[in-house]
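**Q** Would you be able to build a 3D model of this:
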Amino acid sequence: MTSVDTSARAEDSGPSGYAAARLRLLTEKEQSGPPRRAALARLTDDWLTGLFTAATPPRGVALVAVGGYGRGELSPRSDLDLLLLHDGTADASTVATLADRIWYPVWDLGLALDHSVRTPAEARKTAGDDLKVQLGLLDARPVAGDLGLVSALRSAVLADWRNQAPKRLPELDALCRERAERMGELQFLLEPDLKEARGGLRDAQVLRAVAASWLADAPREGLDDARRRLLDARDALHLATGRATDRLALQEQDAVADELGLLDADTLLREVYEAARIISYATDVTWREVNRVLKARAGRPRLRGLFGGRPGGARPPVERTPLAEGVVEMDGEVVLALSAKPERDPVLPLRAAAAAAQSGLPLSLHAVRRLAAAARPLPVPWPAEAREELVTLLGAGESTVPVWEALEAEGLVTRLLPDWERVRCRPQRNPVHTWTVDRHLVETAVRAASLTRRVGRPDLLLVAALLHDIGKGWPGDHSVAGETIARDVATRIGFDRADVAVIATVVRHHLLLVETATRRDLDDPATVEAVATAVGTVGALELLHALTEADALATGPAAWSTWRASLVADLVKRAGAVLAGEPVAEPEPTAPSAEQERLAIEALRTGEPVLTLHTQPEAAPEDGEPEPVGVELLIALPDQPGVLPAAAGVLALHRLTVRAADLRAVELPTALGDGAAAVLVLNWRVAAEYGSLPQAARLRADLVRALDGSLDIPARLAERDAAYPRRRGITAPPPRVTVAAADSRLATVIEVRAQDAPGLLHRIGRALEGADVRVRSAHVSTLGANAVDTLYVTRPDGSLLPDEEAADLAKALEGALR
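**A** Prediction:
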């Protein structure tokens, strides 16, 4: 078949008319959502019917839409899933020619096409071998041709599906789990795949297929609306990008939100997350019911043998195991007892949830819905039993999560805690965070449950964990807003005034320990005194220590490490001593260590840098394998300009991440004994980004070259940066440099907040070279793409900078980094 013939056929079938009508439909702002998808499907049906009819098809042939097109849900860039069905009576060449006269015009318009040509028997066999094909055929819809042929195939495929459901549904469940593991959960991803991620459109299709098996049905409330919202978002994504994509990338979210008429990208994500959460919960409930039914069917032959002699063939009694007042376990789920009276028992929802979590069992859908419909609201403040059941629920660990999700799905959480609505499904733009705000709060409580043996008041720890980020739903500093909300919530759930004050303090200062430990000089008495003053009591410090760890572990893998844990523990020990009444001694200038002095002498003798690298002692966490705290790098060299930027630049070139740096001058007598010479000793704590540590000799050689100017560090860093293709994404905010209100008596504290990048400390050092200051120490903290570098600087004589001079330095440093 020649290209000329193909062009003629496409023209005869009116592709330009279809393309123009399609374009008009997609650009009409008045019509969107389900009406537009249905209209696009009808328009495409009419065009394909024209192509089919113009080709003069033989008898016993039909054109069939399957998958999303079969459901009449065509997004702007959706594939056309088509099956040319024939009864086998026409010869193969005739059918092939007919197929070409339909497929080629579709391709000529640049439309994506998923096509096949089969007899009913071939279609059923392929469906039996391929679950994806079978799911697509469940939505088969005739477009043109022999309607009876299509109807017969639909009936046969549906019958096959129902007959084979006990075998095929477990296979489908396994495929869904594998896909979820690979694609992640839509409701938590910053760049979700609207179709393939768990809780997306693929899972909605699977739920339809399970319902068609007659084995189980999904909870239908809100499910159609959730599907519609995800389809609307995909339509907007296709129109905004002009591409057939399902991934909602960061750089597209504002345009997609605008296309949907939403306020901003956060509003878009929240809508998508809410829809995905409904589908995910329906998926959990449905597969649980499928497995229950299949398990019951597998046990029936055995039960018939055991109970076949019962009068009238009566079934064996259902076993109900009491768990708590009004709560029992039945068939692997937690249900309400027959005697339960939710309309008279306001504590029952929390009691049932606590019993389910402590037993590691799911709350049945029927039980949750009955509680949501009938349970009386709790009095305010809550009775002691309700508060204790909440603490029991939060203290159950991992099994808390599915129970909380069940309460959330039926609106019980916001009924119990109205302030929860502000954080529900709220996205977190920092890539360090794994979860939405509300799920992060629950995950923090889960992590805190394993730390309750370390504190005197586990109940306060668990509630503070649940509330520590509750202020993120309000404008301003979320810790400040959270303190007020936490105080209100703690009062609402029945804590006394003293406990309310402790919870509010812990929420207000939940970032204090990790930020201070990683960004401040712990040898500075002002640092420790400030922490002790803010926390107030040893008990609050104990709670704050546990919450800090739980919060970081629940945030994501980048937020906690043995190094951070060791710094926080050191700070807690020092602050605890202050709170216990021990005086804080003023730091005295410490003599250099033996190794520092040895290196200084060698540097003075040779006139060149001398350095050593060694791993610091390992710290053993409470759970998991011991890991090294870091690598200590000591550098000694004669005092000269440019030492800090040169050393930091060499470390960046060798892919060593700086965690902390201490700089000191060591006075040594000259060889002639006629005076003293200053030798700089730099004590660095570093970690390799990946791979093994570089050899000390290579570091030294590059440092010598950097100091004499033969190694152009900025150029080398720029070359390396240019070698890696940049992914298009959001624009990073500009750096910000401030004078921290640290009340340090040792140095002026300058805080640099910037986008993390190789060589950042090198650039800071270069910018400081023009200022008449000495860097006493540097503390580096990195979370995701954000870096906070804290510099302790003094005048050359060791005195603090005056306020105006410090402000000018911060302004100049910020300008240089921009």
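**Q** List the buried residues in the helix or strand encompassing Thr414.
**A** Using DSSP states H and E, the secondary-structure element containing Thr414 is helix 412-416. Within helix 412-416, the residues that qualify as buried are Leu412, Val413, Arg415, Leu416, counting by 16 or more other Cβ atoms under 10 Å. All C-beta spots, glycine's among them, are computed from the backbone N, C-alpha and C.
**Q** how close does the second one get to Tyr281?
**A** I take that to be Val413. Separation of Val413 from Tyr281 (Cβ to Cβ, to the nearest Å) stands at 13 Å.
**Q** now Ala159
**A** In this view, Ala159 and Tyr281 are 31 Å apart by Cβ to Cβ.
**Q** same deal with Arg753?
**A** Distance of Arg753 to Tyr281, computed by Cβ to Cβ: 39 Å.
**Q** need the contact list for Leu579.
**A** Ala532, Val535, Gly536, Thr537, Val538, Leu541 (Cβ atoms under 8 Å, 6 or more residues apart in numbering).
**Q** Neighbour-wise, give me the winner out of these.
**A** Compared across the contacts of Leu579, Val535 has the highest neighbour count, 26 neighbours, by other Cβ atoms under 10 Å.
**Q** Which residue is the nearest non-sequential neighbour of that residue?
**A** Leu541 (4.8 Å; Cβ to Cβ, 6 or more residues apart in numbering).
**Q** what about that neighbour, which helix or strand?
**A** Here Leu541, judged by DSSP H and E, is contained in helix 538-555.
**Q** Show me what that helix is packed against.
**A** Packing partners of helix 538-555 (3 or more Cβ pairs under 8 Å, 6 or more residues apart in numbering; DSSP states H and E): helix 437-449, helix 458-467, helix 497-508, helix 512-519, helix 525-535, helix 562-579.
**Q** Specify the local secondary structure of the closest residue in space to His366 that isn't next to it in sequence.
**A** Distances taken as Cβ to Cβ, 6+ apart put Val335 closest to His366, at 6.8 Å, once the chain neighbours are dropped. The three-state assignment at Val335 reads strand, by DSSP: H, G, I helix; E, B strand; the rest coil.
**Q** Run through the residues that contact Val335.
**A** Residues in contact with Val335 (Cβ under 8 Å, 6+ apart) are Arg320, Val327, Val328, Glu329, Ser364, His366, Ala367.
**Q** Narrow these to those in strands?
**A** Within those, residues falling in strands by DSSP state E are Val327, Val328, Glu329.
**Q** What confidence value was assigned to the last one?
**A** Pointing back at Glu329 there. Predicted confidence (pLDDT) at Glu329: the value is 96.
**Q** again, but for Glu11
**A** Here, the pLDDT recorded for Glu11 equals 40.
**Q** again with Ala757
**A** With respect to pLDDT, Ala757 scores 81.
**Q** Look up how far Asn786 lies from it.
**A** Here the criterion is Cβ to Cβ. By it, Ala757 lies 11 Å from Asn786.
**Q** quick revisit: OK, contacts around the residue nearest to Val535?
**A** Going by Cβ under 8 Å, 6+ apart, Leu541 touches Ala532, Val535, Val572, Ala575, Gly576, Leu579.
**Q** at 10 Å what do you get?
**A** 505-506, 509, 512-513, 531-532, 534-535, 571-572, 575-576, 578-579 (Cβ atoms under 10 Å, 6 or more residues apart in numbering).
**Q** how about low-confidence regions in the stretch 601-750 of the chain?
**A** Along the stretch 601-750 of the chain, the parts satisfying pLDDT under 70 run over 616-630, 670-676, 724-732.
**Q** In it, what residue spans correspond to helices?
**A** Residue ranges of the helices in the stretch 601-750 of the chain, as given by DSSP state H, counting those that start in this stretch, are 643-653, 696-708, 713-722.
**Q** Check those helices for me and report the most buried one.
**A** Stretch with highest mean neighbour count among the helices of the stretch 601-750 of the chain: helix 643-653 (a mean of 25; mean count of other Cβ atoms under 10 Å).
**Q** Need the contact partners of stretch 249-265.
**A** By Cβ under 10 Å, 6+ apart, stretch 249-265 touches 29, 32-33, 190-192, 229, 232-241, 243, 245, 248, 266-272, 427, 429, 431, 727-731.
**Q** What residues sit buried inside that stretch?
**A** Buried residues in stretch 249-265 (16+ other Cβ under 10 Å): Ala249, Leu250, Glu252, Gln253, Ala255, Val256, Ala257, Glu259, Leu260, Leu262, Ala265.
**Q** nearest to Asp702, of these?
**A** Asp702 lies nearest to Leu250 out of the buried residues of stretch 249-265, by Cβ to Cβ, at 36.6 Å.
**Q** picking up where we left off before, of Ala159 and Tyr281, give the one with the bigger neighbour count.
**A** The neighbour comparison of Ala159 against Tyr281 (other Cβ under 10 Å) goes to Tyr281, with 24 against 11.
**Q** Quick check: Tyr83 is in a strand.
**A** Just so we're on the same page, residue 83 is Leu rather than Tyr. Yes: assessed with three-state DSSP, Leu83 lies in a strand.
**Q** list the contacts for it?
**A** So Leu83 contacts 62-67, 70, 114-118, 123, 133, 136-137, 140, 143, 150, 153 (Cβ under 10 Å, 6+ apart).
**Q** what about Asp91, neighbour count?
**A** Look at Asp91: counted by other Cβ under 10 Å, it has 10 neighbours.
**Q** let me redo that: Ala152
**A** There are 14 residues near Ala152, going by other Cβ under 10 Å.
**Q** Now it: closest residue in space, sequence neighbours ignored.
**A** Pro120 (6.6 Å).
**Q** what secondary structure does the residue nearest the centre of the chain sit in?
**A** Centroid-nearest residue in the chain, with Cα atoms, centre = their mean: Thr434, separated by 2.6 Å. Following three-state DSSP, Thr434 is assigned to coil.
**Q** Skipping its backbone neighbours, what lies nearest it in space?
**A** Per Cβ to Cβ, 6+ apart, closest to Thr434 is Gly556, 4.4 Å.
**Q** In contact with the one you found, which residues are there?
**A** Residues counted as contacts of Gly556 (Cβ under 10 Å, 6+ apart) are Gln428, Asn430, Pro431, Val432, His433, Thr434, Trp435, His440, Leu783, Gly784.
**Q** What separation do you get for Val150 and Ala127?
**A** To Ala127, Val150 is 14 Å away according to Cβ to Cβ.
**Q** Now name the helix or strand holding Ala406.
**A** Assigned by DSSP H and E, Ala406 falls within helix 400-409.
**Q** for that helix, packing partners?
**A** helix 265-307, helix 348-359, helix 365-374, helix 384-394, helix 412-416, helix 437-449, helix 458-467 (3 or more Cβ pairs under 10 Å, 6 or more residues apart in numbering; DSSP states H and E).
**Q** dump the residue contacts of Arg229.
**A** If you count contacts by Cβ under 10 Å, 6+ apart, then Arg229 has Gly33, Leu194, Gly222, Leu260, Glu271, Val272, Glu274, Ala275, Ala276, Ile278, Ile279 around it.
**Q** Repeat the analysis, applying 7 Å as the threshold.
**A** Shown in contact with Arg229 (Cβ atoms under 7 Å, 6 or more residues apart in numbering): Glu271, Ala275.
**Q** Poorly predicted segments of the stretch 101-250 of the chain, please.
**A** Looking at the stretch 101-250 of the chain by pLDDT under 70, you get an empty list.
**Q** Which parts of it are helices?
**A** Along the stretch 101-250 of the chain, counting by DSSP H, counting those that start in this stretch, helices occupy 120-129, 131-137, 147-183, 201-212, 223-241.
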